[in-house]
Every structure is written in C-alpha cells, then in structure tokens.
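>>> A structural model of the following input is requested.
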Amino acid sequence: MSDEMAAPATKGVTVELLATVDLGPEIAGMAGRQLRMRKVTIEPGGVFGPLHDHKGRPGTVYILQGTITDHRKGIATDYGPGVGWPEDRNTLHCLENRGTIPAVEISVDIVGKE
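A predicted model of the protein is given here:
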C-alpha cells in the first residue's frame, strides 16, 4: 500500500475481546461508556482499514510482536514490539503489516456500550 493511496478494507485481521469495564458506575458522566481491551493480530500483508478516525473513541495501542505500519497524513510510521501510540480525536489512520510474521497489538479504548 503506498502512503498516498486510500486504505483498502480490512483483511487478514483477527480481533479478540479480552476485557471490558462498564464506566458508568465507576466515573460520573461516563454512563453508557466502557473501557475495552482487545488483542489485534494482523497477518503479513494484512490491513486494518479503511482509513478511520477515533472521534469519541480515544485509546492507546501497545505492540507485542512484529511490526505495524501506521499510515497518517501521507506518512508511514513503523512500530515494533514494546512501542505504542495514542489514538485521540485527531487520529485519522489505517494500519498495515508489511512484515513476514503476524503483528500483535493490545488496543485499549473507551467506547459506547454495545
């Protein structure tokens, strides 16, 4: 995927829900929101797309294995194990695994209750 191309649809991605916490009883004003933790695996050649934002869904990501390329504003940034990034209201991106092994991340975000 070139840095200037629109991100293709998601392919080669597995998402496992690890835990959730209902934030309504925990923090005033957070009714209807939950803290969610997921394990995301992106296979080699996989893409977590299309281009998406995180408005109303802030979070953080931590890489456990492999390398994930984060595409934002025409810039591709590689992140490997032990590194992560924030995803806030200004985030507009897609993710790709350009490597030869599965890339695994832990994603923690705040979302509306499903």
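>>> Thr14 reaches Arg38, doesn't it?
No: applying CB atoms under 8 Å as the test, Thr14 and Arg38 come out as separate, 10.1 Å apart. The way it works is simple: take the backbone N, C-alpha and C, and place the C-beta from them, glycine included.
>>> looking at the two, which one has more neighbours?
Arg38 (17 against 12; other CB atoms under 10 Å).
>>> which ones are touching that one?
Going by CB atoms under 8 Å, 6 or more residues apart in numbering, Arg38 touches Val15, Glu16, Leu17, Leu18, Ile106, Ser107, Val108.
>>> chain center to the helix or strand harbouring Gln34, what's the gap?
Using DSSP states H and E, Gln34 falls within strand 33-53. Centre-to-centre, strand 33-53 and its host chain are 4 Å apart (CA atoms, centre = their mean, to the nearest Å).
>>> with stretch 53-60 instead?
The answer for stretch 53-60 is 9 Å, by CA atoms, centre = their mean.
>>> quote the end-to-end distance of it.
Criterion CA to CA, to the nearest Å; first-to-last residue distance in stretch 53-60 is 13 Å.
>>> Thr69 is in contact with Met47, correct?
To be clear, residue 47 is Val; Met isn't right here. No: counting by CB under 8 Å, Val47 does not reach Thr69; the two are 9.5 Å apart.
>>> rewinding a little: narrow the contacts of Arg38 to those in strands?
If you go by DSSP state E, the contacts of Arg38 have Val15, Glu16, Leu17, Leu18, Ile106, Ser107, Val108 in strands.
>>> can those go into a markdown table with extra columns for neighbour count, distance to Leu95 and pLDDT?
As requested, those are exported to a markdown table (neighbours: other CB atoms under 10 Å; distance: CB to CB, whole Å; pLDDT from 0 to 100):
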| residue | neighbour count | distance to Leu95 | pLDDT |
| --- | --- | --- | --- |
| Val15 | 12 | 12 | 96 |
| Glu16 | 10 | 16 | 98 |
| Leu17 | 10 | 18 | 97 |
| Leu18 | 11 | 18 | 98 |
| Ile106 | 15 | 14 | 97 |
| Ser107 | 18 | 10 | 96 |
| Val108 | 17 | 15 | 96 |
